[in-house]
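1. just the structure for this:
(chains A and B)
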Amino acid sequence: MQSHNARVGLVLFVVYLILYGGFVFLNAFNAGLMEITPIAGVNLAILYGFGLIIAALVLALIYGMLCKSEDTPQDKKTEE
Amino acid sequence: MIYEPSIVAVLVFLAFVGVTLGISFYLGSKAKSSQGYFTAHGQIPWFVNGVAFAGDYLSAASFLGICGMIAFYGYDGFLYSIGYLAGWIVALFVVAEPMKRLGKFTFADALDAKFNSRGIKLAAGISTLAVSVFYLIPQMVGAGVLIQPLLGFPHWVGVVMVGTVVIIIVVTAGMVSTTWVQFLKGSLLVLFSAILTVMILQRGFAVEQGGVDGYTFQELGPYKVQGSETPFAAFPELESKEDFANASWENTSEEQVDVPEFIRSDSGMWHVAKTDAGYWIRECQTLEKQESGPPLVNGEPLGSKKGEPELHPVGYISKLPDGVDKTGPVGAVEFFQVLQNSEVVLWKSRTVGNQTVYVPTPTEGSKVLRPGEHPTFKGIRSDNPIDKLNFFSLMLALFCGTASLPHILIRYYTVKDEAAARKSTIVGIASIGFFYVLTLYLGLGAMTSGALDVTNSNMAAPLLAKSMNEWLFAIISAIAFTTVLGTVSGLILASAGAVTHDLLQSVMGMELADHQQVRLAKMASVVVGAIAIVLGIVFQELNVSYLVGWAFSVAASANLPALVMILFWKGVTKEGVIAAVVVGMTSSLGWILASGDTYAKVYGLSAADAIVPFSQPGIVTIPLGFLTLIVVSLLTKSKSTSEAA
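-> Predicted structure coming up:
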């Protein structure tokens, strides 16, 4: 029924899971790497952290756009 | 520190509470049915609901706890920000739409949509209650912490005040008013945090030797040891100082060391720090509780008015890059660049005899901006894999916990359809994410504000505001207080819903007319509110963010496995759901009660004696919940299908 949305959701979820998992693993196994300052003298910990927050918003917006087309008519049906 | 209640603060505070109550009474007259009471008739606009998510979610722990942790330890507090936000991804991509589709009033509805089983309602109802009560404790403790400095009342008065106001809000209007209060509060919190951040950037950084009260902390040295056997003779420069004529050494470690860590002189406690350049002797601050009367601060009884003895505010930069004294306004990126190359004086708390000693510790900016400085996160720099597991476990619980919190889940029933549920979650993510980005600026701004109270990290954000402007302090404190009000009312509503719908109606089979349901829910709210007040007073000594961690772990372990598996696996049976909820809840609770953190902080025992190897349960109990569900479902499968047929 809502399979399209659920599938899109799952794909985006996996994308974020990889990003978040990468952050957690990097912290746990190579904490020293978090101190390097690759861009503009700001360290990786801050860049990656802000990146995760921005990525969450971007993925959420992508999800919102991809779902739109399908479920507007369906909602009427499911909601007796 | 001495907090003098200011008239401005009290007025702003009363205005906020007054407006909040006004909204409740006004909207309360509109919501009579149980649909209106629990879910606001499903008529809340999605944008409002989205900001209300932020209001619900950005609790006292987020605002006060995270800012305080960053202010005292640096980047580590931001790990909570990242984890708390990541949880919303699970909420949006996995849980939001099915929750809206399957349920009507409570989280248990969604779990039970397919089975119509009393057992599921019972288990889910109890887990909702357990998680809500756990989450309530830190909110109430936070309220007491805030009231104390603001209005000058003792802790318990603060807790009782919050409890009473919240009960009035919940009883008068239910979900409609709670939602609008949350909307207002969420918007104000984000708005004023942004204003505060701009002011921090405008202020820039300056080198100081003490906090905003103008007191200069002394630093002696560096001294080279002169090769003598007795420590004092090793520092001839010290011996010649009048202050140190009667000084004695205090050794805190059991082992024999060349130079002990502390010196007690006529003027107070000094810390001895060894560096490559030699030994630095730095002035500390002390706090000593007395059996009767006020505690001693730096050796004198704590006063009650400004100008009398108190601990000095701290939090300052000791070195800026390129040897400058002042930066002037900085940009959002420059803020981190400057800090990265500066040196900040952090104050660490130590116990020496019966005194708590606060030790100034100059720390490189690059260390402040990296993870792993806070005791909870030290594990990531250790070679012991068990310490790393603790970190994984916490990050997993934060990730999975959000989408399992009952007061967040019920917000999916206040909008009209799945599209609205989705859109409001996206708005929620945007506002919460923006706020969490600001937390890093706020925390680091507080760290360098010169206004920190060494004894109370929860006050970092309000005190930062105070160092800018009295009005801002009043507004930020009032917002923080309404934050507590809002979150507590959401939690009490979730609990009342669980009691009325899940436990009384579904499990006990009570037939209730619509108005009876509402009346019963209001009675349940009063009872839960009263319990929250008592627990808030009993647990007042416990750290706020530590308690929130409990709630997230229990929520994630008890609720998430069942919720996710019902959505993605056809083989789920009702026995499987019940078992998963019960096992997840009891195992995570049991783990927490048997953990080193609880041993040390609650029972006052040694953390090393704890039964479980690390403190955060999530990494064990969340998979355990999934496993239980799968195994029990497979075992009971044939029975369920024949029953259904």
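2. quick check: closest non-adjacent residue to B:Gly186.
-> B:Gly55 (3.2 Å; CB to CB, 6 or more residues apart in numbering or on different chains). (C-beta placed from N, C-alpha, C; glycine too.)
3. count of residues packed around that neighbour?
-> B:Gly55: 32 surrounding residues under other CB atoms under 10 Å in any protein chain shown.
4. same check, this time on B:Glu300
-> Neighbour count of B:Glu300, defined by other CB under 10 Å: 12.
5. ok, B:Ala247 - contacts?
-> B:Phe232, B:Leu238, B:Ile263, B:Arg264, B:Ser265, B:Asp266 (CB atoms under 8 Å, 6 or more residues apart in numbering or on different chains).
6. one more: B:Ile578?
-> B:Ile578 makes contact with B:Ser117, B:Gly119, B:Ile120, B:Leu122, B:Ala123 under the criterion CB under 8 Å, 6+ apart.
7. what about those, which are in helices?
-> B:Gly119, B:Ile120, B:Leu122, B:Ala123 (DSSP state H).
8. closest to chain A out of those?
-> Proximity of the ones in helices among the contacts of B:Ile578 to chain A (CB to the nearest CB) peaks at B:Ile120, which lies at 22.0 Å.
9. I figured that closest one hits B:Gly576, correct?
-> No: using CB atoms under 8 Å as the test, B:Ile120 is too far from B:Gly576 to be in contact (10.0 Å).
10. and chain B, what are its domains?
-> B:7-23+B:45-204+B:388-644, B:219-384 (automatic domain parsing).
11. for the contacts of B:Ala247, which one is nearest chain A?
-> B:Ile263 (33.7 Å).
12. so who does the residue nearest to B:Ile147 when sequence neighbours are not counted touch?
-> Of all residues not flanking B:Ile147 in the chain, B:Gly158 sits nearest, at 2.9 Å (CB to CB, 6+ apart). Applying CB under 8 Å, 6+ apart to B:Gly158 gives the contacts B:Ala143, B:Gly144, B:Val145, B:Leu146, B:Ile147, B:Gln148, B:Leu151.
13. ok so, going back, need the ones in helices among the contacts of B:Ile578 in CSV with distance to B:Pro613, pLDDT and neighbour count, can you?
-> Formatted as CSV, the ones in helices among the contacts of B:Ile578 follow (distance: CB to CB, whole Å; pLDDT from 0 to 100; neighbours: other CB atoms under 10 Å in any protein chain shown):
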residue, distance to B:Pro613, pLDDT, neighbour count
B:Gly119, 33, 85, 17
B:Ile120, 33, 86, 27
B:Leu122, 33, 86, 19
B:Ala123, 28, 88, 28
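14. widest-spaced pair of the residues you listed?
-> Greatest spacing in the ones in helices among the contacts of B:Ile578, by CB to CB: B:Ile120 and B:Leu122 (7.2 Å).
15. how about the nearest residue to the spatially most central residue of chain A, chain neighbours excluded?
-> The centre of chain A sits closest to A:Tyr16, judged by CA atoms, centre = their mean, with a distance of 3.5 Å. Among residues not flanking A:Tyr16 along the chain, B:Ile89 sits closest, at 4.7 Å (CB to CB, 6+ apart).
16. how much space between that neighbour and B:Val176?
-> To B:Val176, B:Ile89 is 29 Å away according to CB to CB, to the nearest Å.
17. those two: who's more crowded?
-> Neighbours were counted for B:Ile89 and for B:Val176 using other CB under 10 Å; B:Ile89 has more, 28 against 23.
18. my read is that the more buried one contacts A:Val15, right?
-> No: using CB under 8 Å, B:Ile89 makes no contact with A:Val15, being 9.4 Å away.
19. hey, what's in contact with both of those two?
-> Contacts common to B:Ile89 and A:Val15, judged by CB under 8 Å, 6+ apart, are A:Leu59.
20. hang on, the earlier thing: could I get the domains of chain B as TSV with distance to A:Arg7?
-> Formatted as TSV, these follow (distance: least, CB to CB, whole Å):
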stretch	distance to A:Arg7
domain B:7-23+B:45-204+B:388-644	10
domain B:219-384	35
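21. any idea which of the ones you listed is most buried?
-> domain B:7-23+B:45-204+B:388-644 (a mean of 22; mean count of other CB atoms under 10 Å in any protein chain shown).
22. return the distance of it from the chain's centre.
-> 10 Å (CA atoms, centre = their mean, to the nearest Å).
23. sorry, back to before: what is the strand or helix carrying the residue nearest to the centre of chain A packed up against?
-> Assigned by DSSP states H and E, A:Tyr16 belongs to helix A:3-29. Under the contact criterion of 3 or more CB pairs under 8 Å, 6 or more residues apart in numbering or on different chains; DSSP states H and E, helix A:3-29 touches helix A:44-78, helix B:76-90, helix B:96-102, helix B:385-401.
24. need the residues that contact the third one.
-> When you say that, I think you mean helix B:96-102. A:2, A:5-6, A:9, A:78, B:107, B:109-110, B:113, B:409, B:412-413, B:415, B:417-418, B:421-422, B:425, B:563, B:567.
25. redo that, cut-off 7 Å
-> A:2, A:5, A:78, B:109-110, B:113, B:409, B:412, B:417-418, B:421-422, B:425, B:567 (CB atoms under 7 Å, 6 or more residues apart in numbering or on different chains).
26. state the pLDDT value of the spatially closest residue to B:Leu64 that is not a sequence neighbour.
-> Nearest non-adjacent residue to B:Leu64, counting by CB to CB, 6+ apart: B:Asn458, 4.5 Å away. Looking at B:Asn458, its pLDDT reads 77.
27. could I get the contacting residues of B:Asn458?
-> B:Asn458 sits next to B:Leu64, B:Gly65, B:Gly68, B:Gly142, B:Val145, B:Val544 when contact means CB under 7 Å, 6+ apart.
28. make a markdown table from those and add pLDDT to it.
-> Shown next, in a markdown table, are the contacts of B:Asn458 (pLDDT from 0 to 100):
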| residue | pLDDT |
| --- | --- |
| B:Leu64 | 81 |
| B:Gly65 | 83 |
| B:Gly68 | 87 |
| B:Gly142 | 79 |
| B:Val145 | 73 |
| B:Val544 | 68 |
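29. and which of those residues is nearest B:Pro385?
-> Checking the contacts of B:Asn458 one by one against B:Pro385 (CB to CB), the nearest turns out to be B:Gly65, at 28.0 Å.
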